[in-house]
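>>> The following block contains a protein sequence and its predicted model.
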Amino acid sequence: MALPRPKTLRQARAAYSTNSELAWWVFMRVSGLVLVFLTFGHLFMTNIQVNAGEIDWQFVASRLDTPWIKVYNTFLLVLAMLHAANGVRYSIDDYLGKSSWRFAAKAVFYSLTAAVMLFGLISLWAIDYGRFNVPLGGA
């Protein structure tokens, strides 16, 4: 029977034999709290400050052309992906008993996570959204 996961920092220090596992334990708690505020901030900026029915491509392009929105969305993307990936890592460790299956599952999942994060960061930073900020009828 697996031991229950620690709930306090003291229990985590006693339970984990490596500093990296303790760091991930702390990261999950901190990133979860930060993600709550980032998510509600994002919802406020896109659904309360603005009428959600009026959001179109031009609105999104003008928002993504703003540097602080790019930074905000970068934090949201990176924290959410790392938080989710670590949660899935816990699940893989809990439910896959054979070490070769765990290794294969983690390799596939980490590759997919890196690809999604990379494509997300490219879409945030490498695209010039200012050039899309034109009227729908053309130039």
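Sure thing, it's come through. Residues are numbered from 1 along each chain as shown.

>>> Where does W101 sit, in terms of helix or strand?
helix 99-125 (DSSP states H and E).

>>> For that helix, name the packing helices and strands.
Here helix 99-125 touches helix 67-95, going by 3 or more Cβ pairs under 8 Å, 6 or more residues apart in numbering; DSSP states H and E. Bear in mind the C-beta positions are built from the backbone N, C-alpha and C, glycine included.

>>> avg pLDDT for the helix it packs on?
In this model, helix 67-95 carries a mean pLDDT of 93.

>>> before we move on, the earlier item: the helix holding W101 vs helix 67-95, what angle?
Counting by axes from the mean of the first three to the mean of the last three Cα atoms, to 10 degrees, helix 99-125 lies at 170 degrees to helix 67-95.

>>> For helix 99-125, buried residues please.
Of the residues in helix 99-125, R102, A105, K106, T113, M117, G120, L121, L124 count as buried by neighbour count, 16 or more other Cβ atoms under 10 Å.

>>> Please apply the same query to stretch 123-135.
L124, Y129.

>>> again, but for stretch 21-33
Those would be L22, W24, W25, M28, S31, for stretch 21-33 by 16+ other Cβ under 10 Å.

>>> any idea how far L9 is from the residue most central in space within the chain?
The residue lying closest to the centre of the chain (Cα atoms, centre = their mean) is A80, at 1.8 Å. Distance, A80 to L9, by Cβ to Cβ, to the nearest Å: 23 Å.

>>> try A15
11 Å.

>>> What of L82?
Between L82 and L9 the distance, using Cβ to Cβ, works out to 20 Å.

>>> Only the buried residues of the lowest-mean-pLDDT helix or strand in the chain, if you could.
Using mean pLDDT, DSSP states H and E, the weakest-scoring helix or strand in the chain turns out to be helix 9-15, at a mean of 74. Going by neighbour count (16+ other Cβ under 10 Å), the buried part of helix 9-15 is A12.
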